[in-house]
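Engineer: sequence-free structure coming up:
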């Protein structure tokens, strides 16, 4: 891998160097408005999207790590969340392709708006620094310290031996929490172009197996963030070009964090035992297992989708039945030759249904992260031919089951009741789209879902619906989850072609409208509209 890019002068766009220096200054000053003003200058100067995104990642990369993702404060465990700056950039990279031409730079405007609030979240949790985690506090920190660097960048470490063995060594370093050694070994592996896809697949896999084993009565949980961060690293690095200095900044921002604790692997271990015993038919004892069997690899080749009745049975087990019911249904479908990737689509639809049935604006944490995990698993299947991906079906299923029961036990799993408004019969499809948009902007999720039902019943253009939801999500700022879930649901709505796929679109509407809002959520998009002359974003 090339050396990290350290500033605009080393990246071939000297003309914009002063603007990028000013952008860095305003971000480091935690000044969202000032950073956004610089961004508008960059847009007006017609600097490329990927160039600006690369600069944003370079600037925030050192300051969005934490020493550990959990801290015991006076005897109480508190979770210190992962980096939403990088996740926002990943969402912007994809939303950029989903929204209409005049708004294509809006998603990245939301990222720039957010980054100053996402630096040094460790000190934010201690109420020593302003930002995402202190904005609800009555007393704002005074004289905050400069954003801290907890993990310095490193040089590659090159080891010898077959790549499979070296990847296994890297994963063991991750499991043991040897952050620096794991990062250095990863950097060394990434320099080998011939093995790069295998290395990236293992990075994503390491994130996907890290899922906490309970959520009810917990406020300290990983919620799949390691996999989200790994995916962001991969997508952004690929967009910037793996053989460019800019890509190193994405790796520093994302790959290093995989080994930062805590790490939870008990659900993955359960998935391994399920596959070994219920799929391979082996007796579980004290002896160690490793690798994958020919039987397991064989099932990965199947592509037959489940029938509508089979999909309904799995969704019912995931949402309405206690563990282990869903495990046996999933095993039955795998053994019946149903395609694992097609089963991911069904699991996604179950996660989408939980989102649609959630109404408390403060209770979307588990459903939104669960959906993002299921989406990330679908992306993993579509991107990599990883030999252990069958096991990950059981992680996603376990997550959805816990998600549904968490919402039920917190009295927020509403009855599924979606019905087209009577007035829709007299409306054109374009008028119905306006009603969907207005409902989301008025934070009326169920109303927007009902209008979407009418639109789809009238055979409305699905591409136009995807664009409407994606653009509205891009307009609602102050929390990257708004952009992430809007982008992810619309990504899946374009790919998920099984029965009941409309639930994915409904989930995008419900989350965009009802997820917790902070302050004037249209301020960033309105300022962008004024600055670059996009009239439709001003109002």
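Structural biologist: Yes, it's here. Keep in mind that what you see is a predicted model, and the values were worked out from it rather than measured.
Engineer: touching, residue 107 and residue 99? I think so.
Structural biologist: Yes - the pair residue 107 / residue 99 is scored as a contact, 6.8 Å apart, by CB atoms under 8 Å. (Glycine included, C-beta is placed from N, CA and C.)
Engineer: more neighbours: which of the two?
Structural biologist: When neighbours are counted by other CB atoms under 10 Å, residue 107 and residue 99 differ, and residue 107 comes out ahead with 30 against 22.
Engineer: can you tell me the SS state at residue 161?
Structural biologist: Here residue 161 is recorded as coil under DSSP: H, G, I helix; E, B strand; the rest coil.
Engineer: list the buried residues in stretch 391-402.
Structural biologist: Using 16 or more other CB atoms under 10 Å as the test for burial, stretch 391-402 gives 391, 392, 393, 394, 395, 396, 397, 398, 399, 400, 401, 402.
Engineer: report pLDDT for the last one.
Structural biologist: In the predicted model, residue 402 carries a pLDDT score of 96.
Engineer: can you give me the helices for the stretch 101-250 of the chain?
Structural biologist: 106-114, 121-125, 163-176, 179-190, 196-208, 225-240, 245-254 (DSSP state H, counting those that start in this stretch).
Engineer: format those as JSON lines; extra columns: distance to residue 457.
Structural biologist: Converted to JSON lines, the helices of the stretch 101-250 of the chain look like this (distance: least, CB to CB, whole Å):
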{"stretch": "helix 106-114", "distance to residue 457": "30"}
{"stretch": "helix 121-125", "distance to residue 457": "44"}
{"stretch": "helix 163-176", "distance to residue 457": "48"}
{"stretch": "helix 179-190", "distance to residue 457": "49"}
{"stretch": "helix 196-208", "distance to residue 457": "37"}
{"stretch": "helix 225-240", "distance to residue 457": "34"}
{"stretch": "helix 245-254", "distance to residue 457": "42"}
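Engineer: what's the closest of these to residue 145?
Structural biologist: helix 121-125 (6.4 Å; CB to CB).
Engineer: so who does residue 263 touch?
Structural biologist: 174, 175, 177, 210, 226 (CB atoms under 8 Å, 6 or more residues apart in numbering).
Engineer: all helices for the stretch 301-450 of the chain, in order.
Structural biologist: Going by DSSP H, counting those that start in this stretch, the stretch 301-450 of the chain shows helices at 308-320, 325-335, 340-356, 365-383, 389-409, 429-441, 445-457.
Engineer: with respect to burial, which of these scores highest?
Structural biologist: Among these, helix 340-356 has the highest mean neighbour count (mean count of other CB atoms under 10 Å), at a mean of 25.
Engineer: from the middle of its chain, how far away would it be?
Structural biologist: Computed by CA atoms, centre = their mean, to the nearest Å, the chain-centroid distance of helix 340-356 equals 16 Å.
Engineer: residue 93: which of the helices of the stretch 101-250 of the chain is closest?
Structural biologist: Across the helices of the stretch 101-250 of the chain, closest to residue 93 is helix 225-240 (CB to CB), at 5.7 Å.
Engineer: that closest one: which residues count as buried?
Structural biologist: In helix 225-240, the ones that count as buried by 16+ other CB under 10 Å are 225-237, 239-240.
Engineer: between those, which is closest to residue 140?
Structural biologist: residue 225 (26.3 Å).
Engineer: and that closest one, how far from residue 262?
Structural biologist: Going from residue 225 to residue 262 by CB to CB, to the nearest Å gives 12 Å.
Engineer: do residue 414 as well
Structural biologist: 33 Å.
Engineer: ok, so of the buried residues of stretch 391-402, who is nearest residue 453?
Structural biologist: Using CB to CB, the buried residues of stretch 391-402 come closest to residue 453 at residue 400, 22.9 Å.
Engineer: wait, isn't that closest one in contact with residue 349?
Structural biologist: No - counting by CB under 8 Å, residue 400 stays clear of residue 349, with 9.8 Å between them.
Engineer: okay, which residue of the protein is out on the far edge from center?
Structural biologist: In the chain, counting by CA atoms, centre = their mean, residue 426 sits farthest out from the average C-alpha position, at 38.7 Å.
Engineer: pLDDT score assigned to that residue?
Structural biologist: Reported pLDDT for residue 426: 96.
Engineer: OK, contacts around it?
Structural biologist: Counting by CB under 8 Å, 6+ apart, residue 426 has no contacts.
Engineer: what sits up against stretch 157-177?
Structural biologist: Here stretch 157-177 has contacts from 181-182, 184-189, 191-192, 195, 198-199, 202, 206, 258-261, 263, 265, using CB under 8 Å, 6+ apart.
Engineer: avg pLDDT for the regular element (helix or strand) spanning residue 474?
Structural biologist: Using DSSP states H and E, residue 474 sits in helix 462-475. If you average the pLDDT over helix 462-475, you get 98.
Engineer: got the buried residues for it?
Structural biologist: Buried, per 16+ other CB under 10 Å, within helix 462-475: 462, 465, 466, 467, 468, 469, 470, 471, 472, 473, 474, 475.
Engineer: got phi/psi on residue 71?
Structural biologist: phi -140, psi 130 (degrees, to the nearest 10).
Engineer: neighbours of it, just the number please.
Structural biologist: There are 16 residues near residue 71, going by other CB under 10 Å.
Engineer: sec struct for the nearest residue to it once chain neighbours are set aside, please.
Structural biologist: Closest residue in space to residue 71, ignoring its immediate chain neighbours: residue 78 at 5.4 Å, by CB to CB, 6 or more residues apart in numbering. Three-state assignment for residue 78 (three-state DSSP): strand.
Engineer: residue 78 contacts residue 125, correct?
Structural biologist: Yes - using CB under 8 Å, residue 78 is in contact with residue 125, at 6.3 Å.
Engineer: who has more neighbours out of the two?
Structural biologist: Counted by other CB under 10 Å, residue 78 and residue 125 do not tie: residue 125 has more neighbours, with 19 against 14.
Engineer: now do the more buried one, the pLDDT please.
Structural biologist: For residue 125, pLDDT reads 84.
Engineer: ok, it to residue 461 distance?
Structural biologist: 45 Å.
Engineer: residue 444 too?
Structural biologist: Counting by CB to CB - residue 444 and residue 461 are separated by 23 Å.
Engineer: mind checking which of those two has more residues around it?
Structural biologist: residue 444 (16 against 12).
Engineer: got the contact list for the residue nearest to the spatial centre of the chain?
Structural biologist: Per CA atoms, centre = their mean, the C-alpha nearest to the average position across the chain is that of residue 228, at 4.3 Å. Listed by CB under 8 Å, 6+ apart, the contact set of residue 228 reads 82, 87, 207, 372, 373, 376.
Engineer: isn't the third one up against residue 231?
Structural biologist: Just to be clear, that refers to residue 207. Yes - counting by CB under 8 Å, residue 231 is a contact partner of residue 207 at 7.3 Å.
Engineer: between the two, which contacts overlap?
Structural biologist: residue 376.
Engineer: can you pull out the low-pLDDT segments for the stretch 151-300 of the chain?
Structural biologist: 220-222 (pLDDT under 70).
Engineer: show me the contacts for the residue nearest to residue 71.
Structural biologist: So residue 78 contacts 70, 71, 72, 125, 219, 220 (CB under 8 Å, 6+ apart).
Engineer: so which of the residues you listed is the closest to residue 524?
Structural biologist: Closest to residue 524, out of all of the contacts of residue 78 and judged by CB to CB, is residue 125, at 24.1 Å.
Engineer: is it true that the closest one touches residue 77?
Structural biologist: No - using CB under 8 Å, residue 125 is not in contact with residue 77; the gap is 11.9 Å.
Engineer: what residues are shared contacts of the two?
Structural biologist: Joint contacts of residue 125 and residue 77 (CB under 8 Å, 6+ apart) are residue 71.
Engineer: intersection of neighbour lists for residue 78 and residue 125?
Structural biologist: Joint contacts of residue 78 and residue 125 (CB under 8 Å, 6+ apart) are residue 71.
Engineer: mind checking how far residue 141 is from residue 32?
Structural biologist: 16 Å.
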